[in-house]
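> Following is a predicted model, sequence given first.
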Amino acid sequence: MSEEHDLLIETWRKIIVGGGKSWVLFKHGTCVILTSTVADLGSQATALMKEWGPVQIGTPSADFDVVHLRDDPGWVVTCHHPDILTYVGSDEFEGDNVPDDMVIGLIGRSKRGQDAEELEIIHTET
């Protein structure tokens, strides 16, 4: 596993609050939060990403909100499924200028689209 993936896993460990949640992290930063106790979390997360992850412009799948994180340098981009979230790190931008929410959201949406297409899981946690 790469250092980049290790940092992403640690970031999600800080972001996810509350007990009883399992989660599956995909290569480009999309995290699927699961509250069930299904034995194969990867299959469940992959099924959710196949159905809810692809981005189709002009549909609810293209909508997003940006959550500003207080304790971590970055943002979480939501989508039309409440348990599918994508992290966008501040290190993904050059310079000291903070991008606006539209730019952050478009990047997060793009990353979710990549994860829905590739479906490469890098981490599962219970």
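Yes, it's here. Residues are numbered from 1 along each chain as shown.
> where do the strands sit along this protein?
Assigned by DSSP state E, the chain shows strands spanning 22-26, 30-34, 66-68, 74-77, 84-89, 121-125.
> packing partners for the helix or strand bottoming out on mean pLDDT in the chain?
Every helix and strand of the chain was ranked by mean pLDDT, DSSP states H and E. The lowest is helix 3-15, at a mean of 90. Using 3 or more C-beta pairs under 8 Å, 6 or more residues apart in numbering; DSSP states H and E, the elements in contact with helix 3-15 are strand 22-26, strand 84-89, strand 121-125. The C-beta positions use only the backbone N, C-alpha and C, and glycine is treated the same way.
> coming back round to it: could you dump the strands of the chain to JSON lines with distance to residue 7 and mean pLDDT?
JSON lines is the format used below for the strands of the chain (distance: least, C-beta to C-beta, whole Å; pLDDT from 0 to 100):
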{"stretch": "strand 22-26", "distance to residue 7": "12", "mean pLDDT": "95"}
{"stretch": "strand 30-34", "distance to residue 7": "14", "mean pLDDT": "95"}
{"stretch": "strand 66-68", "distance to residue 7": "19", "mean pLDDT": "96"}
{"stretch": "strand 74-77", "distance to residue 7": "11", "mean pLDDT": "96"}
{"stretch": "strand 84-89", "distance to residue 7": "8", "mean pLDDT": "96"}
{"stretch": "strand 121-125", "distance to residue 7": "12", "mean pLDDT": "94"}
